[in-house]
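Model the following, please.
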Amino acid sequence: MKLIELFKKDYIVGLDIGTSSINIVQFVKKEDGLHLVKADLKEIKQVNDDALREAEIISILKDLLKGIDVRRSKVIANINCPRTAVKKVTVPYMSIAELREGIKMEAKNYFPFPIDDALLDFEILGDVFEKGIRKYDVVVAISPRKTVDRYLAILKKAGIKPVSLICNSCALRILAEKLFAAEDHTDCFIDIGELYTDLVISSAKNSPVSGGKRHGLVFSRKIPIGGADFTKALTGALVSDKGKIELSLDEAEKIKRQVGIPSEDESKVIEDKISTTQILSMLRAPLRQFVDEIERCFDYYREETTGEKIDSIILFGGGASLGNFAKYLSEELGIEVRLGNPLENLKVEKDAMLKREKISHRLALAIGAALSDAKGINLLPPEIKEETKRTFKRATIQAIVTAATLISIFVYTGMKIQLSNFEKRISVAKLELSSLRFQLKKAETQYLANVVFVGEPHWEDVFKELSNLIPDDIYLTEMDMEGKAIIMRGMAASENGEELLSNFILTLENGIFKNVKLVKVEDLEGGVGNRFELKCWVD
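Here you go, the predicted model:
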C-alpha cells in the first residue's frame, strides 16, 4: 500500500498577482506528468484608493478560484516589488548549515539595497569546480517582510493558504529550465510587467571555467521599466495644426494597444488626435532606455563568460503584447526575438482555457510558479513554514494510522473467512473414510496456525510508533507486510543520504523492531539523496 496516496495533493495552482492583472493556472498530477486543466486571467481596475484596490484583488481571486478545490491543491504564488530580487552566486563547498549561516551574513553584499527586515531563502543549483576546487552554484532570493505580509494578508482574505511564495525571477527561471531549455543554447527570458521587467539568462552550454554544463540560471536582473512607461510617454503635450493636444492615460493606453510601435515609413492619424509619426517619436525615449538596459545585461554576461553570445530572446508578460515590439528589439539588438508561448510545451486538457493565443504569454509567471511544485526557493516566513511542516506531519500520522487500521480490519476479516472455511472442511472431513485422516490432520494443523496468527502485533500501535521515528528528510512512499515483518520503501532526501539512512536504521532497532535489514539502496536519478528498501521485524 502506498501510504502517500492517502494525503497527497492532487492539484497544483500557480498564482501571479500583478499590477494590472491576476493570472492563475491549475495543473492535475497524472501518471505521465502534469496536465493543465485551467488557465485564466482577469484585469484589475486601476484605482488610486489602496482599500478599494485590495477589495478588487480579493474579489478577482475568489472569482478565479471558482471550481478549484483549494484543500486538495498546492497553491504557489509569485510576489514582486522593487526590492524582491534574485542573485546567483558561487560559494565554497561546506555543509548546508554552514552555507545557510554564511549566506545570511553575506547577503548584504549580494543586493544593491538594504536588506534589513527581509526574508531570504536559497537553493543549491549544483556543484562547480574552479581550478580543481569544488564549489556550489547557489541562487539567493530576498523580499521585504512587509511585501510578504501584504501578499499573505490578501491571500488569507481570499481563502488561500499558499504552501510557497516565490519571486518573479524564480518563476521565470523555472519556466526557462523546464519548458524552453535547449541543448548547447543560451537564451534570455524577459517578462515585461506593468511597472518592472524581469530578465533571466539561462544556459545549457559547457562552462569554460568548470568544464561541465551550467546549472540553467546564469544571470538575473530586475529592470525598472515596464508597460506603464510606454503609456506615460504618450501623454506628453503635442502641438499640431489643431493646437495643443494631451492624451489622458486611458487614451494613451488605448492607442498604445491599438497601434504598438509604428514603422518609420508609416504615417496616419489615430483617433483624429495623434499621428503614427508622433507616436514613434514619443516612444523612442523609453524604448531606447529599455534596449540600453538589456545591452548592459548582455555586456555583463559576456564579461563573465569570456565573450559567449546570447542565442535568442523570448518575451512574456502583458508588456510583450505591444505591437511590433519583438521586431523592434530584434533590429536594435541584432538577435532573434520572439513572443513566448509556454502552452506549446505543456500537456493541456481540452477546454482548459479560452482565447489561448491572446493570453498564453501572459501566463508565464503563474505557470513557472506551478512548475516549481513548492520545491526550491520559498519566501514564506519561517513560522509559517514550520506550521506547514507540522500540518504535513499530522496528516502523515493520520494517514498512517488510517492505513494501519484498514490493514488490521482486512487482516482480521481475512482470518475470519479462512477460519470459517477450515471449519467447514473439518466438518466434511469427519464424515469421510478413515483413509482421509491425513488430509483432516493437515486441515486441523492449518487451523491452529491461523489461531496463532491472531496473536500477531497490534499494527496500529506499530504504525503510530513508526510515525514518531521518521526524521524530516526520510519519506516513505510504499509499505507492505510479510508475517511479522514490515517492508518499507522510500527516499532519503539529503546530500548525506546514506548517513541519514544508517542513523534511521539504528533508531528503528533501538525502538520497536528487533531486526532491521537494508534490502536495497540506490542514488536518486537527477537529485540529491537515496532510494531505499528496508525489512523490519517487530519485537
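
Could you use CA atoms for every contact and neighbour count after this?
OK.

S169 touches S220, doesn't it?
Yes: assessed by CA atoms under 8 Å, S169 is found in contact with S220 at 6.9 Å.

Run through the bridge partners of A77.
L15, L165 (DSSP bridges).

need the contact list for it.
Applying CA atoms under 8 Å, 6 or more residues apart in numbering, we find A77 in contact with 14-17, 162, 164-166, 366, 369.

rerun at 10 Å
A77 makes contacts with 13-17, 24, 151-152, 155, 161-168, 171, 365-366, 368-370, 374, 378, as judged by CA atoms under 10 Å, 6 or more residues apart in numbering.

The residues you listed in helices, which ones?
Among those, the members falling in helices (DSSP state H) are 151-152, 155, 168, 171, 365-366, 368-370.

so where is this protein shaky, pLDDT-wise?
1-9, 206-215, 240-242, 354-357, 388-408, 410-419, 422-459, 526-527, 539 (pLDDT under 70).

who touches both of S169 and S220?
Residues touching both S169 and S220 (CA under 10 Å, 6+ apart): 85-87, 189-190, 198-200.

Narrow these to those in strands?
Members of the shared contacts of S169 and S220 lying in strands (criterion: DSSP state E): 85-87, 189-190, 198-200.

Show the end-to-end separation of stretch 493-500, please.
This stretch, stretch 493-500, spans 9 Å end to end (CA to CA, to the nearest Å).

And it, what's buried?
493-494, 497-498, 500 (16 or more other CA atoms under 10 Å).

just stretch 327-336 next, same as before
328-330, 336.

so which of those residues comes closest to L179?
E336 (18.4 Å; CA to CA).

Skipping adjacent residues, who's closest to the residue nearest the centre of the chain in space?
Closest residue to the average C-alpha location of the chain: S372 at 1.5 Å, with CA atoms, centre = their mean. Nearest-residue entry for S372: I174, 6.5 Å, with adjacent residues in sequence omitted and distances by CA to CA, 6 or more residues apart in numbering.

What about the one you found, how many residues nearby?
Counted by other CA atoms under 10 Å, the residues lying close to I174 total 23.

Pretty sure it sits in a helix.
Yes: judged by DSSP: H, G, I helix; E, B strand; the rest coil, I174 forms part of a helix.

wait, isn't it in contact with I201?
No: in this structure I174 lies outside contact range of I201 using CA atoms under 10 Å: 11.5 Å.

Overlap in contacts, these two.
Common neighbours of I174 and I201 (CA under 10 Å, 6+ apart) are 216-217.

Relative to E293, how far out is the residue lying closest to T197 once chain neighbours are set aside?
Nearest-residue entry for T197: I223, 4.9 Å, with adjacent residues in sequence omitted and distances by CA to CA, 6+ apart. Per CA to CA, I223 is found 7 Å from E293.

swap in P381?
Applying CA to CA, the value for P381 to E293 is 33 Å.

where do the helices sit along the chain?
Assigned by DSSP H, the chain shows helices spanning 50-64, 96-106, 145-157, 168-179, 227-233, 249-259, 276-304, 325-333, 356-359, 364-372, 382-430, 437-453, 459-469, 497-509.

a markdown table for these, including distance to I124?
Output for the helices of the chain, formatted as a markdown table (distance: least, CA to CA, whole Å):
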| stretch | distance to I124 |
| --- | --- |
| helix 50-64 | 33 |
| helix 96-106 | 9 |
| helix 145-157 | 23 |
| helix 168-179 | 13 |
| helix 227-233 | 33 |
| helix 249-259 | 41 |
| helix 276-304 | 20 |
| helix 325-333 | 33 |
| helix 356-359 | 33 |
| helix 364-372 | 14 |
| helix 382-430 | 19 |
| helix 437-453 | 50 |
| helix 459-469 | 28 |
| helix 497-509 | 16 |
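
Tell me which of the ones you listed sits most buried.
helix 364-372 (a mean of 28; mean count of other CA atoms under 10 Å).

counting contacts, what elements does that helix pack onto?
Packing contacts for helix 364-372, counted by 3 or more CA pairs under 10 Å, 6 or more residues apart in numbering; DSSP states H and E, involve strand 11-17, strand 21-30, strand 33-43, strand 73-79, strand 164-167, helix 168-179, strand 312-316.

and that helix with strand 312-316, angle?
100 degrees (axes from the mean of the first three to the mean of the last three CA atoms, to 10 degrees).

Can you check what angle separates helix 364-372 from strand 21-30?
Computed by the same axes, to 10 degrees, the angle separating helix 364-372 from strand 21-30 equals 30 degrees.

heads up, I number from 25, so please use that
Fine by me, first position is 25 from now on; the one you just mentioned is helix 388-396.

Alpha carbons only: can I get helix 388-396 in CSV?
Provided in CSV are the C-alpha atoms of helix 388-396 (Å, rounded to 0.1, in the frame of the first residue of the first chain):
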residue,chain,number,x,y,z
ALA,A,388,4.3,32.6,-17.9
LEU,A,389,5.0,33.5,-14.2
ALA,A,390,1.9,31.6,-13.0
ILE,A,391,3.0,28.5,-14.9
GLY,A,392,6.6,28.9,-13.6
ALA,A,393,5.3,29.1,-10.1
ALA,A,394,3.2,25.9,-10.5
LEU,A,395,6.0,24.0,-12.1
SER,A,396,8.2,24.7,-9.1
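
how many degrees apart are it and helix 192-203 in direction?
Going by the same axes, to 10 degrees, helix 388-396 makes 70 degrees with helix 192-203.

Beta-bridge partners for the residue nearest to M503 when sequence neighbours are not counted, please?
Leaving out its chain neighbours, the residue that sits closest to M503 by CA to CA, 6+ apart is M512, at 4.7 Å. Bridge pairing for M512 (DSSP bridges) gives the partners M503, L558.

isn't M512 right next to I498, touching?
No: in this structure M512 lies outside contact range of I498 using CA under 10 Å: 11.3 Å.

Common neighbours of these two, please.
Jointly contacting M512 and I498 under the rule CA under 10 Å, 6+ apart is no residue at all.

quick one on the thing from earlier: just give me the closest of the buried residues of stretch 351-360 to E290.
Using CA to CA, Y352 is the member of these that lies nearest E290, at 14.4 Å.

Could you break this protein into its assigned domains?
27-254+303-404, 494-563 (automatic domain parsing).

between these, which gets nearest to P286?
Of all the domains of the chain, domain 27-254+303-404 sits nearest to P286, with 5.9 Å by CA to CA.

can you give me how far the closest one is from the chain middle?
Relative to the chain's own centre, domain 27-254+303-404 is displaced by 10 Å; criterion: CA atoms, centre = their mean, to the nearest Å.

Name the residues of stretch 50-59 that are buried.
Of all the residues in stretch 50-59, those buried under the rule 16+ other CA under 10 Å are 50-52, 58-59.

Put the alpha carbons of it into PDB.
Provided in PDB are the C-alpha atoms of stretch 50-59 (Å, rounded to 0.1, in the frame of the first residue of the first chain):
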ATOM      1  CA  GLN A  50      -4.200  24.800 -12.300                       C
ATOM      2  CA  PHE A  51      -2.400  21.500 -13.000                       C
ATOM      3  CA  VAL A  52      -3.500  18.000 -12.200                       C
ATOM      4  CA  LYS A  53      -1.000  15.200 -11.400                       C
ATOM      5  CA  LYS A  54      -1.300  12.200 -13.700                       C
ATOM      6  CA  GLU A  55       0.900   9.200 -14.400                       C
ATOM      7  CA  ASP A  56       2.500  10.900 -17.400                       C
ATOM      8  CA  GLY A  57       3.100  14.200 -15.600                       C
ATOM      9  CA  LEU A  58       1.300  17.400 -15.100                       C
ATOM     10  CA  HIS A  59      -1.700  18.400 -17.200                       C
END
